[in-house]
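> sharing a sequence plus its predicted fold:
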Amino acid sequence: PKHLDIYQIYPLIPDTKVDPQHVKERSSQQILKCLYVSSEFELKGGREIIACFQKLESALIDDIELTIITRLDSLHNELRDAILALPNVHLVDFNLTYEELSELYGKSNILLHPTRQDSFAMVVLEAMKYGNAVLSTDLYAIPEMVIDGLNGYLVSPKFRFFSRDNLPNPAVWNHRRKTIYANYIDENVVDFLFEKLLYLLSERQALEAMQLMSLKRTSNGGVFSEKCIVSKWSDVFYRLDT
């Protein structure tokens, strides 16, 4: 109804005290550090990430590292063995405190989030708060946080859980076991990750700009900042009270 007000207020992730100078120093370190965080490894693009790092190993690229934080008990033996066989990939159980996770965000350059299904993707916003560039699929709310070519890169997945109008896609929504839950590797996503990682490894000025833009978009009173979100909620409560 026209008499109803509609507000868009993003989830509140507390602002950090990340120094832009520290972000610049991270972007110039020899080893490019990537981070993956999800309790649902395969659904959130874990298979594609492993395939990408296998491809990097075959290409003798040894200055890109990855820390995977996921539920170890959810990984079947074959997949776990494939991860452990990669020398530049570190596997961590999904039981870190927020402080421990924040420390990893603060040491990383790039969040990898090639998810097959998502809603808001809080991990993306958390990583941005610490000045991480993001490589992700372009599903649902992710393009609101990650502007392709500005603070990361986006790719279209094989199956779209939501349509481009952000409505449930019946072909996937009603057939998840045959689509996003199926045992497949999206080769287009693998190639995307491989190409973008190699580019950002060699083009450190571009990496620095993207990391700083993630920090900028989530601080200084922007729509994802703590100040802006608290202000919007205060406005809602004020209007309700009056």
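Noted; the coordinates are in hand.

> burial of Lys216, as a residue count?
Other residues within reach of Lys216, judged by other Cβ atoms under 10 Å, total 16. C-beta: built from backbone N, CA, C; applies to glycine.

> how would you label it: helix, strand or coil?
helix (DSSP: H, G, I helix; E, B strand; the rest coil).

> then Val223?
coil.

> so what's it up against?
Tyr10 (Cβ atoms under 8 Å, 6 or more residues apart in numbering).

> check the gap between it and Pro11 for me.
11 Å (Cβ to Cβ, to the nearest Å).

> could you list the buried residues of stretch 171-184?
For stretch 171-184, a neighbour-count test (16 or more other Cβ atoms under 10 Å) marks 172-173, 179-180 as buried.

> could you do stretch 221-235 as well?
Buried positions in stretch 221-235, judged by neighbour count with 16+ other Cβ under 10 Å: 224-226, 228-229, 232.

> cool, and stretch 129-138?
129-137.

> what's the closest non-adjacent residue to Gly106?
Leaving aside its sequence neighbours, Gly106 sits nearest to Tyr130 (Cβ to Cβ, 6 or more residues apart in numbering; 5.0 Å).

> quick one: the one you found and Val18 touch, right?
Yes. Shown here, Tyr130 and Val18 form a contact pair, counting by Cβ atoms under 8 Å, at 5.5 Å.

> overlap of the contact sets of the two?
Common contacts of Tyr130 and Val18, defined by Cβ under 8 Å, 6+ apart, comprise 106, 215.

> can you list contacts of stretch 59-71?
If you take Cβ under 8 Å, 6+ apart as the criterion, stretch 59-71 is touched by 30-41, 46, 49, 53, 56, 83, 86-94, 96, 101, 104, 108, 112, 197-198, 201.

> pLDDT of that stretch, averaged?
Model confidence over stretch 59-71 averages 97 on the pLDDT scale.

> and of the buried residues of stretch 171-184, the nearest to Gln205?
Ile180 (36.1 Å; Cβ to Cβ).

> and the residue lying closest to that closest one once chain neighbours are set aside, what helix or strand is that in?
The shortest distance from Ile180 to any non-neighbouring residue, by Cβ to Cβ, 6+ apart, is to Arg116 (4.2 Å). Using DSSP states H and E, Arg116 sits within no helix or strand.

> from memory Arg116 sits against Pro157, does it?
Yes. Using Cβ under 8 Å, Arg116 is in contact with Pro157, at 6.0 Å.

> joint contacts of the two?
With Cβ under 8 Å, 6+ apart, Arg116 and Pro157 have common neighbours 137, 186.

> more neighbours, those two?
Higher neighbour count among Arg116 and Pro157: Arg116, with 28 against 22, using other Cβ under 10 Å.

> got a pLDDT number for the more buried one?
96.

> how about it, phi and psi?
Dihedral pair for Arg116: phi -100, psi -20, per degrees, to the nearest 10.

> show me the contacts for it.
Neighbouring residues of Arg116 by Cβ under 8 Å, 6+ apart: 43-45, 137, 157, 159, 161, 180, 186.

> ok, it to Ser136 distance?
Distance of Arg116 to Ser136, given as Cβ to Cβ: 11 Å.

> equivalent analysis for Phe159, please.
15 Å.

> now swap in Leu212 and tell me
Counting by Cβ to Cβ - Leu212 and Ser136 are separated by 18 Å.

> ok, now Lys227?
26 Å.

> give me the distance between the two termini of stretch 63-78.
End-to-end distance for stretch 63-78: 25 Å, by Cα to Cα, to the nearest Å.

> kindly apply the preceding question to stretch 66-85 instead.
Start-to-end span of stretch 66-85 (Cα to Cα) is 13 Å.
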